[in-house]
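Trainee: here's a sequence, model it:
(one chain, ligands or ions: 1)
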Amino acid sequence: MDVAKAIAILLTNGGKAKDYIGLDKIKKKGVPKIMVPTSSGTGAEVTFTAVFLDEETGSKAGMNGDPLYPDAAILDPNLTLSLPAHVTAYTGIDALTHALEAYTSTQAHAISEIYSLEAIKLISQHLPKAFANGDDIEARSGMLMGSLLGGKALATAGVGLVHAMAYPMGGMFGIPHGLANAVLLPYVIDFNMIGSMKKYAALANVLGEETHGLTLREASYLTVVALWNLNNDVAIPSNLEELDITQDKIHEMAEIALTVTRPVENNPRKPSLEDVIHVYTQAYNGTLSAFSL
Ligand SMILES: [Fe+2]
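Mentor: As a prediction, this is how the structure comes out:
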């Protein structure tokens, strides 16, 4: 889908893909494009972003701008039935991360929150079923709609620190985007919690937890635990060590993560270099403060 977006604007704008890396560098609308996703993750069928690997630098780079918005998206769950279980899990948690990070983004607003909440509900209900039985057409449908709504949420409110911290894990260790996000997700929410406690507390209900009589902090912790359990259900490794990331690279990864400026700025808690090192270290050791509940 990202290649289609890039070709569509290159046909009308000319030049090379590299000329348009960054924000709002594309001047003319592209040729019409209809997106048909075959996984439930990126939400690229409704976003204005196209991401590529720069083979010279080894890092990912994206073009961003309104001309990249697709003209139509067609969701057919039959096209996702053959997605292997582990790809279903990685892409599904990526979609969930889009919705969660958009929900607590500093750019969130009434409309983006509607997209986020519905996406979180759909994905948390349907991902374990789609993982357990890839032929479950109802679960596949729910995941496709959840992924699209997560894309709408991220297109309007942006993503946060999970995405920034996942970025160097892809660049330095070749870990797939969705997998890196999934492993980091509970740890980053654990860190973010005090920055948006009311919203994180509200998410516990959306994720199916019972919060009656709980304090905001207790309900927020339940959100972290629910995400941890969901990861566990779909066989996501529980820490960075299991991904063969070495501890001596944490400092370098943290420095790179902070260069991913927009997601860092969107994050509900402003992270320092020490903070990012701390979160990677927690994720390496498998330590969550929510476990103290
Ligand atoms: Fe993502």
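
Trainee: tell me which other helices or strands the one helix or strand in the chain whose mean pLDDT sits lowest touches.
Mentor: For the chain, the helix or strand with the lowest mean confidence is strand 60-64, at a mean of 88 (criterion: mean pLDDT, DSSP states H and E). Judged by 3 or more CB pairs under 8 Å, 6 or more residues apart in numbering; DSSP states H and E, the packing partners of strand 60-64 are helix 2-13, strand 22-23, strand 49-53, helix 161-173. C-beta here means a position set from N, CA and C on the backbone, and glycine is covered the same way.

Trainee: give the pairing partners of it; include direction for each.
Mentor: strand 22-23 (parallel), strand 49-53 (antiparallel) (DSSP bridges).

Trainee: what does it contact?
Mentor: Residues outside strand 60-64 that contact it (CB atoms under 8 Å, 6 or more residues apart in numbering) are 5-6, 9, 17-18, 20-26, 48-54, 167, 170-171.

Trainee: can you pull the buried residues of that strand?
Mentor: 63-64 (16 or more other CB atoms under 10 Å).

Trainee: for residue 155, find the nearest of the helices and strands packed on strand 60-64.
Mentor: strand 49-53 (7.9 Å; CB to CB).

Trainee: can you give me the buried ones in that closest one?
Mentor: 49-51.

Trainee: which residues are in contact with that strand?
Mentor: Contacts of strand 49-53 (CB under 8 Å, 6+ apart): 1-3, 5-6, 17, 44, 59-64, 68, 155.

Trainee: and stretch 218-236, by the same measure?
Mentor: For stretch 218-236, with CB under 8 Å, 6+ apart as the criterion, the contacting residues are 85-86, 88-90, 92-93, 96, 124, 127-128, 131, 179, 182-183, 185-186, 189-190, 193, 197, 200-205, 207-209, 211, 214, 238, 288-293.

Trainee: distance between stretch 172-182 and the chain's centre?
Mentor: 11 Å (CA atoms, centre = their mean, to the nearest Å).

Trainee: actually stretch 58-77, not the one I typed
Mentor: 15 Å.

Trainee: measure it end to end?
Mentor: 33 Å (CA to CA, to the nearest Å).

Trainee: how many neighbours does residue 240 have?
Mentor: The number of residues packed near residue 240 is 27, by other CB atoms under 10 Å.

Trainee: what sits closest to it if chain neighbours are left out?
Mentor: Once flanking residues are discounted, residue 240 sits nearest to residue 284: 4.3 Å by CB to CB, 6 or more residues apart in numbering.

Trainee: buried ones in the helix or strand hosting that neighbour?
Mentor: Under the criterion of DSSP states H and E, residue 284 resides in helix 273-285. Residues of helix 273-285 classed as buried by neighbour count (16+ other CB under 10 Å): 276-280, 282-284.

Trainee: redo those as CSV? Include distance to residue 219.
Mentor: CSV is the format used below for the buried residues of helix 273-285 (distance: CB to CB, whole Å):
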residue, distance to residue 219
276, 26
277, 28
278, 24
279, 21
280, 26
282, 21
283, 23
284, 27
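
Trainee: ok, so of these, who is nearest residue 39?
Mentor: Relative to residue 39, the closest of the buried residues of helix 273-285 is residue 283; by CB to CB it sits at 24.7 Å.

Trainee: just checking, the closest one touches residue 239?
Mentor: Yes. In terms of CB atoms under 8 Å, residue 283 counts as a neighbour of residue 239; the distance is 6.1 Å.
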